[in-house]
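**Q** Let's see this in three dimensions:
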Amino acid sequence: MRARKGLVLLLVCGGALAQPFETPPPPGPPRPVVIAAPGVATLDNGLRVVVAPRRGLPLVTAELVVRSGSETDPAALAGLADITATLLTKGTAKRTAPQIADAAEALGGTLDSSAGWYRSIVTMTVTRTNAAAALDLIAEVARTPRFAQQEVERARRLAVDGLSVALRDPGRLASMAANRAAFGEGAFGHPAHGTQTSLARLKRADVVAQHAKFYRPDNASLIFVGDIDLKEARALAQRTFGDWKRPTAPMPAIGRDDARTQAGDPIVIAMKGSGQAGVALVGPTIARSAPDYFTGVVANTLLGGGYSSRLMQEVRIKRGLSYDIGSRLDARKAGGVWSIGAQTKNESAPELVAVALEEIRRIGDVAAPADELEARKLTVIGAVSRRLETTEDLASTLATFEAYGVPLTDLTTTIDKLSAVTGPQVVDYARKHWEPGTLSIVVAGDADKFADALRAKYPGLRVIAQDKVDLDRANLTK
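**A** Predicted coordinates for the structure are as follows:
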């Protein structure tokens with residue numbers, strides 16, 4: 001009898017637990033950002049010191065940000081800023097690359113260097129007691145890199161190998177080609193990691209000259225996040241970087257800007273035998289300082305940011321055209337790049353292009369329902385909040401602010417600005433900035449399976465054989 005009662009109880013409880021929720025609980029309101037605006041001090045040589053204290057955990061992230069990056073690459077030397085930043089940790093006047101790695105490991109951290117648009121960085125996270133030694137290491141690699149010939153050759157080989165892999169991937173090839181088609185000879189048109197031709201001609205002297213031009217205290221910010229205050233940080237910065245001389249010559253002018261082309265007919269890159277097609281739509285967009293930037297972030301999230309975006313729902317859930325599709329708003333210091341990317345079956349590439357353009361049009365036609373807009377806003381607000389949780393992520397966020405000239409007070413107002421975006425504002429943004437005719441469209445794949453269908457819609461379609469693609473040229477053709 002007792003066993004029977006136990007069985008009945010198990011069945012009743014099991015049935016109760018198995019009952020699915022018909023409606024998930026609503027999301028809670030966004031939590032406010034409980035963080036003060038960072039403190040700022042400037043050394044006599046022009047170096048900005050930015051500090052965001054995070055008491056309670058004995059960690060410090062130190063990040064040196066040189067406010068120049070891939071936009072400074074000369075036309076014939078795509079990838080120069082990227083290679084230069086990579087080489088900083090590969091040997092200095094005092095130590096070899098293995099010795100630098102050993103020194104960082106002894107401090108309990110990893111020393112990283114990289115470049116992006118409008119920034120080149122060196123960063124390290126350590127315990128508070130090791131902060132001074134970590135800063136010494138950052139200063140050493142940033143100020144006295146050796147740029148040994150063998151390290152230049154090794155970095156170049158690795159970059160070429162990575163590029164060779166990318167050029168065989170239809171999605172990545174389509175994206176690089178679409179950026180070149182959208183921006184032509186402008187700075188944003190070239191691949192930041194270089195091309196096979198540009199990497200082949202890059203010499204050690206080019207790297208040395210790049211470092212001499214742009215790595216200077218009046219073009220840099222030193223960011224501290226963690227268990228440290230402004231007074232301590234300024235003292236550390238003065239001890240380590242105070243004797244870094246500011247050149248008498250002004251900052252060099254950048255030879256290229258973010259010039260863009262008029263979008264033409266779509267381009268097909270014929271990759272014979274490719275199992276899939278990569279689809280990329282790329283166009284110019286707003287700068288980070290634009291007054292409607294936060295509206296753009298919400299609009300982009302509604303269209304293609306995350307699993308519940310309209311592109312994902314229409315392309316993956318309803319039609320099964322692609323496992324993943326998304327849009328990206330990359331608002332930079334001077335203008336920006338807006339893009340959509342996906343991979344699909346070769347035969348369905350024309351349909352995917354048409355669906356993407358239709359979803360863009362729909363957002364500019366009518367305001368999204370209030371519940372949909374609110375859910376998408378909460379998605380992006382949650383992402384912003386997560387980027388402030390660790391010292392590394394907060395330092396990276398502040399590095400972007402410094403590189404793009406964004407007021408540091410935006411750190412405390414971002415969530416409020418995102419929350420305030422309305423449906424009509426999103427519609428206005430899409431109508432103003434999302435004209436389909438401004439998008440360069442590139443499809444890379446087995447052209448025999450989709451080119452005719454695309455040509456029926458776009459009679460001026462260009463087809464370029466894979467072995468004839470030249471990413472150094474605005475017309476993409478050798």
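**Q** In the stretch 351-478 of the chain, mark out all the helices, start to finish.
**A** Per DSSP state H, counting those that start in this stretch, the stretch 351-478 of the chain has helices spanning 370-386, 391-404, 410-419, 423-433, 451-457. These are given in chain order.
**Q** Okay, buried residues for the fourth one please.
**A** Of all the residues in helix 423-433, those buried under the rule 16 or more other C-beta atoms under 10 Å are 423, 425, 426, 427, 428, 429, 430, 433. Backbone N, C-alpha and C define where each C-beta goes, glycine included.
**Q** Kindly report the same for the longest one.
**A** Residues of helix 370-386 classed as buried: 373, 375, 376, 377, 378, 379, 380, 381, 384 (neighbour count, 16+ other C-beta under 10 Å).
**Q** got it, and the third one?
**A** For helix 410-419, burial by neighbour count (16+ other C-beta under 10 Å) applies to 411, 414, 415, 418.
**Q** sorry, back to before: JSON lines for the helices of the stretch 351-478 of the chain, including distance to residue 469 and mean pLDDT?
**A** JSON lines is the format used below for those (distance: least, C-beta to C-beta, whole Å; pLDDT from 0 to 100):
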{"stretch": "helix 370-386", "distance to residue 469": "34", "mean pLDDT": "93"}
{"stretch": "helix 391-404", "distance to residue 469": "31", "mean pLDDT": "96"}
{"stretch": "helix 410-419", "distance to residue 469": "39", "mean pLDDT": "93"}
{"stretch": "helix 423-433", "distance to residue 469": "29", "mean pLDDT": "97"}
{"stretch": "helix 451-457", "distance to residue 469": "15", "mean pLDDT": "97"}
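**Q** would you list the ones you listed in TSV and tack on distance to residue 241?
**A** Supplementary listing: these in TSV, determined by distance: least, C-beta to C-beta, whole Å:
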stretch	distance to residue 241
helix 370-386	31
helix 391-404	15
helix 410-419	24
helix 423-433	40
helix 451-457	55
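**Q** of all these, which lies closest to residue 278?
**A** Shortest separation from residue 278 across those is recorded for helix 451-457, at 13.8 Å, computed as C-beta to C-beta.
**Q** Who are the packing partners of the closest one?
**A** Other elements packing on helix 451-457 under the criterion 3 or more C-beta pairs under 8 Å, 6 or more residues apart in numbering; DSSP states H and E are strand 267-270, helix 349-365.
**Q** Let's see that with 10 Å instead.
**A** Contacts defined by 3 or more C-beta pairs under 10 Å, 6 or more residues apart in numbering; DSSP states H and E place helix 451-457 against strand 267-270, helix 349-365, strand 440-445, strand 462-465.
**Q** tell me the most buried of these?
**A** Looking across the helices and strands packed on helix 451-457 with neighbours counted as mean count of other C-beta atoms under 10 Å, the highest average goes to strand 440-445: a mean of 29.
**Q** Can you list the strands that it pairs with?
**A** For strand 440-445, the paired strands and their directions (DSSP bridges) are strand 267-270 (parallel), strand 277-285 (antiparallel).
**Q** quick one: least confident helix or strand in this protein?
**A** helix 2-18 (a mean of 44; mean pLDDT, DSSP states H and E).
**Q** Lovely, talk soon.
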